[in-house]
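Visitor: Show me how the following folds:
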Amino acid sequence: MPSFPFSFLLHPLPSLIFSLAQSLISPLFSISGKMLDFQFPVLHESEIQEFLSLFETDQQVTSQSGSEDTNTAVCPIDERKRRRMISNRESARRSRWRKKKHLENLSNEMNRLVSQNREYKNRLGSVKHHCHLVGRDNERLTYEYLALRNKLRDLYRILATLQKQLQ
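Guide: As a prediction, the model looks like this:
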C-alpha cells in the first residue's frame, strides 16, 4: 500500500490514529498505486485537538518517536481490538445517554405525580369538609324531624281525645 502524506497536520498523531487514518484515506486517493494530486486544507491546532479528543481513552495512547514504518504497520488483531474498544466506548456513551434520558423522564413523571397527588389531597380535604357540613345538616334535620314527629303524634292524641269527647 502506498504511503499517504500527512504533512498537513500540525503535530504528530498517536500511532493507532495515524494508522487508522492512513488505512482509511490512502485507498481513497490512489489509483493503480499512484497518488492523486489532492490538496488538504490546513487544520488548526484546536481542530486537531478536538479530533484527537474523540479517540482518547482513560489511558492515553502515546505517539511513537520511531520511524514512519512503525506507524504504517498495524497488526490485524490490534486493529480489531481497537475497533471493538471504540465500538464499546460508543455503546457505553449511548447507554449513559439513554440512562440519563430515562432518569429525566422518571424525574418528570415523579414531579407530575407529586403535583397530582397534592391536587387529590386538596380535593379530598374539600370533600371531607363538605361531607362534615352535610353530616351536621343531616343531624340537625334528624333532630328536627323527631321533634316534629313527636308534636304531630301529640296533636293526633289531642285530636283523638276531642273526637271521643264529641261522640
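
Visitor: And for residue 85, the neighbour number?
Guide: Counted with other C-beta atoms under 10 Å, the neighbours of residue 85 add up to 13. For every residue, glycine as well, the C-beta is placed using N, CA and C.

Visitor: And it, how close does it get to residue 154?
Guide: Using C-beta to C-beta, to the nearest Å, residue 85 is found at 101 Å from residue 154.

Visitor: Kindly report the same for residue 145.
Guide: Separation of residue 145 from residue 154 (C-beta to C-beta): 15 Å.

Visitor: now do residue 102
Guide: If you measure residue 102 against residue 154 using C-beta to C-beta, the figure is 76 Å.

Visitor: Mind listing residues that contact stretch 123-141?
Guide: With C-beta atoms under 8 Å, 6 or more residues apart in numbering as the test, stretch 123-141 has no contacts from any other residue.

Visitor: C-alpha coordinates for that stretch, CSV please?
Guide: The C-alpha coordinates for stretch 123-141 follow below in CSV (Å, rounded to 0.1, in the frame of the first residue of the first chain):
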residue,chain,number,x,y,z
ARG,A,123,-59.7,17.9,46.7
LEU,A,124,-60.1,15.1,49.4
GLY,A,125,-59.8,17.8,52.1
SER,A,126,-62.5,19.8,50.4
VAL,A,127,-64.8,16.8,50.0
LYS,A,128,-64.2,15.8,53.7
HIS,A,129,-65.1,19.3,54.8
HIS,A,130,-68.2,19.3,52.6
CYS,A,131,-69.1,15.8,54.0
HIS,A,132,-68.8,17.2,57.6
LEU,A,133,-71.1,20.1,56.8
VAL,A,134,-73.7,17.8,55.2
GLY,A,135,-73.4,15.4,58.2
ARG,A,136,-74.1,18.3,60.6
ASP,A,137,-77.1,19.4,58.5
ASN,A,138,-78.3,15.8,58.4
GLU,A,139,-78.0,15.5,62.2
ARG,A,140,-79.9,18.9,62.6
LEU,A,141,-82.6,17.8,60.3
